[in-house]
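**Q** heads up, no residue letters with this:
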């Protein structure tokens, strides 16, 4: 078996290989904005070769308008000494995103900015093709003119000869340095190297070796240069050391290049470690990772050992695995140069995230087996927003059913011969407005949700149920005959009836009027079928209106008695007493019917009052009393919403008015108060005083009659009050 190469990258090889394979613009600028390092992708973007870019600034490379954008973001990053993303839109239809970060040397001094940029026009995705980047490298320059010399055997390096290259190297002419005419060569050597050089030269000569070393000198202009020196001892016939001869050459460019390479490696490593993308290098055959950066680990929620030891398929969502494998096969076969895909990765806790993944070959010549570069960015938030937008675009927020927009789309999609017979059910909730007015919109919402659940439970999985209006629903039933559709309508009606009679119901009077029509022929218009279903629905609604309203009135009565803690006996007593007065006042049959209904439902508005107030055993405070006094107006609105209660709505509104004008809510007085309201006020007061209440015991009939007479002419109509007292005292 072929021996496996070491899996540990040298820093130099790793950083250079990474920058060679990054699929976006990469650069490094000094504090003056001059480009020191760029990649091939950057060259392509500029349309210039690297020799025309290095040392130039943005104004040398781009139009002023574009350069202003880049320079401004550079200055912001430098000013804040931080990193961040910057977006630019310097020409219509093209958007660019840059990531810039300030870079510091090992001593903590700010030396420039490093950055990535990418085209984010197409949903800000990484779509830039991966290209080879130009490596920053340096070549040791050789065979440059240097200085040949001969010097005495002393610590001052007293020169006796220097070649003409002396001036180019040191800025001094040979005669300035020979025999220490003006300076000794030792004076040019940087002080920190002097003792070391002499000690090494002495040791090498003693061993009869050539002495070689590198050090810096200070030239006549104050410039510091790196030099390389090779020397050997010169001996006389007796073997005595008499001089040293050697050659000194300028290696500043090489040393600078090596230092720059080292700095570049640090920059590239910084790029790799701080990149805003997850980056990993993988074996294309086995799927194992060889190197990943911290961002890759952060995105996947795993540790480096977990990533490197397992196949990527173990943490890849199975729904995308086949597509991923197909693309990898095409990549390994050379059919594609790379690919981009959105996929899900599974975290150790079983949850998953969405990522955008870019794969490119990683051909660096270091490994025998094919490798590929994998870059991932977390797009989970974006995908969730997209899913939420799609859901909201096609669903009703309250019920969770489909909305009108989706219904219109689906009706056209299903309008094909293959789906015939295609049936449409139209539905309209009965009494939704009454429920909203009587109990509030929260109860109306419960009714809508209750009906929605009933519809969902009675329809088939393939049926499309949509809320297309406030109280309107439409159901698309593909491949459903009239018989099947009628059966579904029957199930819905039965479910509403069963719910109304159930003991654990939590919504008011669930009832919906239904109508349907069926399309059998391809040439029939789907819109005409929908209209026919709607007309059928309105026909049923009209026929069922009376029984539906009777049912609603019965439900209102039951709910009101339960809510207000009043009893059926109380209602019956009020009906009996009010009829007694009504007959004595010779009311008409219609007035007597209204008086009976008023006696039963006059407190309908109390359903809007909270139980804390209704059941409070003590006296109400000002705020609670203000809330309680609203119930006649609420009752008026409820009665106005029901055709069967409209006739008593005015009486409900006025049943707490007083004869002297000090009642509520309108402050009516005398005969401006409707007669039926004046009758009810007396009998309701009498029953209230003689019956037990949560906050007191009931009194005697004599006491109640005395109170009524005491308040005749102020609270009560004096004539009706007198008549009522006489009727009760006479034994009626």
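**A** Received the coordinates, thanks. Predicted, not measured: the structure shown is a model, and the values here were computed from it.
**Q** just the helices in the stretch 151-300 of the chain please.
**A** Assigned by DSSP state H, counting those that start in this stretch, the stretch 151-300 of the chain shows helices spanning 166-170, 174-177, 185-188, 191-206, 252-274, 294-300.
**Q** Likewise for the stretch 301-450 of the chain?
**A** Using DSSP H, counting those that start in this stretch, helices in the stretch 301-450 of the chain cover 304-309, 318-332, 380-394, 404-414, 432-439, 441-458.
**Q** circling back: least confident of the helices of the stretch 151-300 of the chain, on average?
**A** Mean pLDDT across the helices of the stretch 151-300 of the chain is lowest at helix 252-274; the value there is a mean of 73.
**Q** so what's residue 128 scoring on pLDDT?
**A** 32.
**Q** same deal with residue 322?
**A** Residue 322 is given a pLDDT of 89.
**Q** same check, this time on the one 5 residues further on
**A** In the predicted model, residue 327 carries a pLDDT score of 88.
**Q** Kindly report the same for the one 3 residues further on.
**A** Reading off the per-residue confidence, residue 330 sits at a pLDDT of 89.
**Q** before we move on, back to that, least confident of the helices of the stretch 301-450 of the chain, on average?
**A** helix 432-439 (a mean of 72).
**Q** Quick check: the gap between residue 101 and residue 650.
**A** 77 Å (CB to CB, to the nearest Å). Where you see a C-beta, it was placed from the backbone N, CA and C, and this is true even at glycine.
**Q** what number of residues lie near the nearest residue to residue 624 once chain neighbours are set aside?
**A** With sequence-adjacent residues excluded and distances taken as CB to CB, 6 or more residues apart in numbering, residue 624 is closest to residue 613, at 4.9 Å. Counted with other CB atoms under 10 Å, residues neighbouring residue 613 total 15.
**Q** Now do the same contact list for residue 613.
**A** Residues in contact with residue 613 (CB atoms under 8 Å, 6 or more residues apart in numbering) are 620, 624, 627, 628.
**Q** Now, of those residues, which are buried?
**A** 624, 627, 628 (16 or more other CB atoms under 10 Å).
**Q** With distance to residue 233 and mean neighbour count added, can I get the helices of the stretch 151-300 of the chain in TSV?
**A** As requested, these are exported to TSV (distance: least, CB to CB, whole Å; neighbours: other CB atoms under 10 Å):
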stretch	distance to residue 233	mean neighbour count
helix 166-170	22	20
helix 174-177	20	18
helix 185-188	17	19
helix 191-206	4	14
helix 252-274	27	17
helix 294-300	55	18
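**Q** Relative to residue 220, which of those is closest?
**A** Checking the helices of the stretch 151-300 of the chain against residue 220 by CB to CB gives helix 166-170 as the closest, at 6.4 Å.
**Q** just how off-centre is that closest one within its chain?
**A** Chain-centre distance of helix 166-170: 66 Å, with CA atoms, centre = their mean, to the nearest Å.
**Q** Give me the packing partners of it, helices and strands only.
**A** strand 147-152, helix 174-177, strand 241-250 (3 or more CB pairs under 8 Å, 6 or more residues apart in numbering; DSSP states H and E).
**Q** hey, which of these is tucked in deepest?
**A** strand 147-152 (a mean of 20; mean count of other CB atoms under 10 Å).
**Q** which secondary structure elements does it contact?
**A** strand 159-162, helix 166-170, strand 241-250.
**Q** So residue 36 belongs to a helix, correct?
**A** No: using DSSP: H, G, I helix; E, B strand; the rest coil, the assignment for residue 36 is strand, not a helix.
**Q** domain parsing for this structure?
**A** 11-119, 147-250, 277-384, 395-543, 552-729 (automatic domain parsing).
**Q** Distance to residue 258 added to these, as CSV?
**A** Shown next, in CSV, are the domains of the chain (distance: least, CB to CB, whole Å):
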stretch, distance to residue 258
domain 11-119, 11
domain 147-250, 10
domain 277-384, 21
domain 395-543, 64
domain 552-729, 83
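**Q** For residue 260, find the nearest of those domains.
**A** domain 11-119 (7.7 Å).
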